[in-house]
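Peer 1: Okay, sequence plus prediction incoming.
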Amino acid sequence: MALNKKDCIAAVKQAGASELEALDIVDMLLEQKARLKASGDLTPQNLSRAWSATAEGLARQRAIQRRRTALGLVKFRDAASFVDSVKAQGASAMEGIQALMVGVSRRLDGARRSVSALRQGIFKSWASPMLSELEAVDNGAALRLMREDKAFHDSVFREMREPDSTGDKNARAIADIFSRYTEQSRVRLNAAGADIGKLDGWTPQTHDPYKLMAGGEAGRAKWIDFMLPRLDLERTFDGVGLVDANRARELLSGVYDTLTLGRNPHMLGDFTGDGASASGPRNLASGMGKSRVLHFKDAQGALEYHDAYGRGNIFDAMLRHLEQDARALALMERLGPNPQYTLERLLAHEKRALKDNAVLTPEEKARQMRELDNAFSGGIIRQGRVSAWLAELTGETNWAAHPTLARVGAVLRASQNLSKLGGASLSAIADVFTKAASMRVNGETWPGAIGKSLAQYIQGFSGKEKDVARQCGAFLDHVRGDIVARWDDAGGMPGVLADLQDKLFRWSGLNWITERGKAGYTLWLSEHLGEASGKAFDQLDGPRRAMLQYHGIDAPRWEVMRKMSRQAEDGKTYFCPEHAAELTDADLAPLLPAFAQGLDEAGRARELAKLRDSLRFDSMAMLADETAFAIIEPDDATRAIMRQGTRPGTGAGEIWRAIMQFKSFPIAYMQRVLGGRRWVRGDLQKGMRYGLRNLPGAVGDALTRDMGGLMGFVLSSVAFGYASMTLKDLAKGRKPRSLAHRETWLAAAMQSGGAGIFGDILFGKVNRFGNSFAETAVGPLGGLIGDVATVGGQLVRGDIADAGEDTLRLAMGNAPFINLWYTRAALDWMLLYHVREMMSPGTLRRTERKMKKEFGQEFLFPPSQFIQRGGGFR
């Protein structure tokens with residue numbers, strides 16, 4: 001007698017599946033049977049083969065799920081213990097969760113040991129040595145060719161797909177390097193709970209959603225037609241049963257949705273082309289296990305796809321792949337295979353603990369309960385900070401909901417960068433001050449810190465020093481073109497504009513200033529820690545010990561980590577994360593968890609390997625995070641404020657990104673420097689009070705804990721702020737502002753950092769980027785709309801002369817590259833001053849009088865003395 005559907009479900013449940021799993025499995029089996037029947041291929045052999053493939057995977061998936069459940073429980077307990085340790089230092093539960101996810105700036109033990117910092121540590125631990133190996137191939141010529149010569153690039157691509165197929169030894173060497181690092185990341189992800197199979201002939205595959213979406217629905221059909229003859233359908237759709245032509249088109253349509261919209265409503269697993277899931281945070285490891293790779297029949301088909309629908313080159317794709325894997329690994333290492341579920345359990349746990357708390361006042365308990373209740377709430381401005389943090393950590397805020405709208409927004413914002421940030425390098429002189437402040441917090445004196453910070457821009461690095469800095473994570477940004485991230489959120493920017501922005505910052509000098517500053521501070525910190533490597537934890541000076549505790553490094557961990565220092569040829573001792581690979585089993589034994597003592601030799605070796613990786617990742621994370629305090633950069637906490645968990649390509653997301661343009665630096669400054677009290681030496685910050693609820697004690701602590709530090713901070717801030725203002729004034733042909741005016745001193749103090757935004761409000765002047773207060777408040781795009789409306793009003797009223805002058809000013813203020821600090825003055829004298837006079841005779845004289853009256857400034861060489869009324873030199 002034939003079994004009915006109910007009997008089939010019961011049989012599958014008896015095999016170990018849950019009710020929902022059994023229902024899904026039976027539905028899939030019946031669907032496979034129906035497709036075979038419709039195609040005329042329904043035979044006992046074909047049906048048995050399709051059903052056997054499903055049955056074989058069930059037992060394995062059950063075992064994997066049991067392992068993930070166990071890992072999730074362990075990570076939940078670790079996370080709860082971490083939050084408890086932060087709460088024991090006087091913080092709230094929400095501050096503990098923030099420290100766990102994106103870090104907090106207040107001085108607490110473990111405050112910076114976050115998922116966000118770990119992600120940076122993992123990525124740099126992979127990318128830095130990979131870059132060094134690539135540059136060693138043919139003395140760097142091969143790396144340059146791979147980015148500039150398509151024939152060589154294609155040879156590398158073919159060598160990864162089909163080893164020894166080109167006969168090019170350099171291409172083979174690069175392919176081997178790429179393959180080794182992708183395998184390294186795959187193994188680590190699997191150890192953390194993922195289930196990614198090893199794929200021979202794999203390459204990172206990129207997809208340009210704008211190319212895919214060209215032509216609308218016709219573009220979808222064209223893409224599917226392109227894919228069908230080139231894909232190995234059996235490997236690509238392994239696990240979904242027999243695939244005929246109609247079923248393949250159906251499945252590829254779902255793949256198309258994933259690649260263009262970042263989601264696939266029809267498939268359990270997402271197709272991302274590189275083995276990593278874009279399915280979201282709910283079950284990260286499961287999503288990675290289910291994600292599917294597009295398997296091409298041969299290297300030629302994969303190359304044709306890259307040319308037709310890909311973007312960038314294989315080197316850029318490799319960096320993106322490692323960055324994506326680092327993001328996933330950091331989440332799973334701290335929050336388990338299912339990060340969102342761990343956070344939900346953690347919030348429930350903290351709510352129960354809060355209800356039982358007999359120490360807090362009813363008002364404080366109610367306030368903290370509201371924070372926890374709203375942790376995952378939505379809205380344009382999200383009250384749910386946890387949801388915004390998680391969206392940054394998973395990368396959700398980078399996935400375009402509507403690629404076309406996202407691209408329009410990215411292009412508009414990029415055009416503002418190209419027209420407004422030509423003088424950003426003159427603001428970057430304040431890096432000397434912020435870098436010195438970080439040195440002083442960690443143990444230097446103010447004079448010594450200022451001197452060393454300045455010297456790093458003047459003195460060059462020896463070859464050995466460059467090697468050490470690179471091993472510690474420096475020199476990556478100039479390769480990746482990420483300098484723009486200091487000043488703006490440039491996510492999702494099209495490649496041509498990204499290249500133009502990279503050129504702008506190179507030509508303006510900002511790339512050099514930023515990279516030199518980062519490398520200098522990283523090298524200083526490496527030496528600063530290396531000098532202390534001969535001392536046990538309790539023998540360290542206060543600032544060094546406080547810095548280690550800030551990053552969650554205690555005495556047992558330091559005892560092992562200090563063995564990661566080596567003396568260089570110049571006699572200096574440097575601490576370097578890469579030396580974790582040289583730690584012996586005996587070195588690591590004190591840090592092994594108790595359960596490892598009962599493992600066999602292979603199990604113990606796995607735990608030792610994980611420990612080495614953990615020490616390497618954590619130490620690299622510490623160096624990267626401390627460098628971001630010295631050379632201010634936005635992190636996930638900053639971006640969570642700027643994006644509010646919204647996605648590009650949504651109305652709210654694009655409006656929010658437009659408003660927040662140019663605010664990443666000031667927000668990061670207020671978070672890291674002001675919020676981190678970077679004028680108070682690290683060891684003196686213990687027990688400091690923070691926040692409005694602790695007034696006036698918090699203010700007293702900030703002002704009196706370290707009076708010498710405060711005085712040095714204020715004086716340095718004013719000095720370098722004034723230097724920055726003066727350089728910008730000189731670039732505009734103006735005399736330096738008089739120090740006799742109180743406003744000059746206040747503006748100088750604010751110009752040196754994020755408080756420059758408040759200067760717009762107080763003085764009604766332009767901020768450190770050259771924008772008005774209106775532009776600062778609503779973003780440069782909002783300011784541009786307002787300016788266009790003003791010109792329109794002038795035309796309606798018949799004010800043709802004013803409209804013409806303002807139109808010229810508007811055009812000059814928004815033309816790409818025109819505002820480079822060393823070319824704008826020449827352009828003014830050779831052309832623009834004359835055009836302004838022709839359009840509105842006498843305008844130069846009026847401008848000089850207005851500047852003298854409103855700002856107390858004069859030109860070094862007043863234009864009206866050299867250019868006659870109506871234009872032309874006198």
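Peer 2: Done, it's in.

Peer 1: Make sure residue 394 is actually in contact with residue 331.
Peer 2: Yes. Counting by C-beta atoms under 8 Å, residue 394 sits close enough to residue 331 to count as a contact (6.9 Å). For every residue, glycine as well, the C-beta is placed using N, CA and C.

Peer 1: So if I had to pick from these two, which one is more boxed in?
Peer 2: residue 331 (28 against 22; other C-beta atoms under 10 Å).

Peer 1: what's the offset of the host helix or strand of that one from the middle of its chain?
Peer 2: With elements taken from DSSP states H and E, the one containing residue 331 is helix 314-335. From the chain centre to the centre of helix 314-335 is a distance of 11 Å (C-alpha atoms, centre = their mean, to the nearest Å).

Peer 1: Counting by contacts, list what it packs against.
Peer 2: helix 44-87, helix 115-136, helix 141-148, helix 150-161, helix 169-191, helix 284-290, helix 339-355, helix 385-394 (3 or more C-beta pairs under 8 Å, 6 or more residues apart in numbering; DSSP states H and E).

Peer 1: Please produce a markdown table containing the ones you listed, extended by distance to residue 738 and mean pLDDT.
Peer 2: Converted to a markdown table, these look like this (distance: least, C-beta to C-beta, whole Å; pLDDT from 0 to 100):
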| stretch | distance to residue 738 | mean pLDDT |
| --- | --- | --- |
| helix 44-87 | 48 | 81 |
| helix 115-136 | 44 | 94 |
| helix 141-148 | 50 | 83 |
| helix 150-161 | 57 | 91 |
| helix 169-191 | 57 | 93 |
| helix 284-290 | 58 | 53 |
| helix 339-355 | 55 | 95 |
| helix 385-394 | 44 | 93 |
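
Peer 1: Residue 223 touches residue 305, doesn't it?
Peer 2: No. Here residue 223 does not reach residue 305: they are 9.7 Å apart, not a contact under C-beta under 8 Å.

Peer 1: which of these two has more neighbours?
Peer 2: residue 223 (25 against 21).

Peer 1: Now do the contacts for that one.
Peer 2: 212, 252, 256, 309 (C-beta atoms under 8 Å, 6 or more residues apart in numbering).

Peer 1: buried sites along the helix or strand harbouring it?
Peer 2: Using DSSP H and E, residue 223 falls within helix 217-227. By 16 or more other C-beta atoms under 10 Å, the buried positions in helix 217-227 come out as 220, 223, 224, 226, 227.

Peer 1: Average pLDDT for stretch 250-259, rounded please.
Peer 2: Taken as a whole, stretch 250-259 carries a mean pLDDT of 84.

Peer 1: Show the contacting residues for the residue nearest to residue 122 when sequence neighbours are not counted.
Peer 2: Distance criterion C-beta to C-beta, 6 or more residues apart in numbering; nearest residue to residue 122, sequence neighbours excluded, is residue 326 at 4.0 Å. Residues counted as contacts of residue 326 (C-beta under 8 Å, 6+ apart) are 119, 120, 122, 123, 126, 185.

Peer 1: try 7 Å
Peer 2: Residue 326 is in contact with 119, 122, 123, 126, counting by C-beta atoms under 7 Å, 6 or more residues apart in numbering.

Peer 1: What's the per-residue pLDDT of it here?
Peer 2: We have a pLDDT of 95 for residue 326.

Peer 1: any idea how far it lies from residue 427?
Peer 2: 30 Å (C-beta to C-beta, to the nearest Å).

Peer 1: picking up where we left off before, tabulate the buried residues of helix 217-227 in TSV, adding columns for pLDDT.
Peer 2: Output for the buried residues of helix 217-227, formatted as TSV (pLDDT from 0 to 100):
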residue	pLDDT
220	89
223	91
224	91
226	92
227	90
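
Peer 1: buried residues in the one helix or strand residue 621 maps to?
Peer 2: Using DSSP H and E, residue 621 sits within helix 601-630. By 16+ other C-beta under 10 Å, the buried positions in helix 601-630 come out as 604, 607-608, 610-630.

Peer 1: average pLDDT across it?
Peer 2: Rounded mean pLDDT across helix 601-630 is 94.

Peer 1: and it, how far from the chain's centre?
Peer 2: 19 Å.

Peer 1: Output the contacting helices and strands for that helix.
Peer 2: Under the contact definition 3 or more C-beta pairs under 7 Å, 6 or more residues apart in numbering; DSSP states H and E, helix 601-630 sits against helix 115-136, helix 431-441, helix 510-531, helix 555-561, helix 585-588.

Peer 1: need the contact list for residue 389.
Peer 2: Applying C-beta under 7 Å, 6+ apart to residue 389 gives the contacts 101, 102, 636, 640.

Peer 1: Try it again at 10 Å.
Peer 2: 97-98, 100-102, 114-116, 343, 375, 636-637, 639-640, 645 (C-beta atoms under 10 Å, 6 or more residues apart in numbering).

Peer 1: For these, which single residue is the most surrounded?
Peer 2: The most crowded member of the contacts of residue 389, judged by other C-beta under 10 Å, is residue 114 (29 neighbours).

Peer 1: Is residue 91 in a helix, a strand, or coil?
Peer 2: For residue 91, the assignment made with DSSP: H, G, I helix; E, B strand; the rest coil gives coil.

Peer 1: Check the gap between it and residue 678 for me.
Peer 2: 19 Å.

Peer 1: go on, residue 742?
Peer 2: Residue 742 sits 25 Å away from residue 678, going by C-beta to C-beta.

Peer 1: Looking at those two, which one has more neighbours?
Peer 2: Taking other C-beta under 10 Å, residue 742 and residue 678 do not tie; residue 678 has more neighbours (24 against 8).
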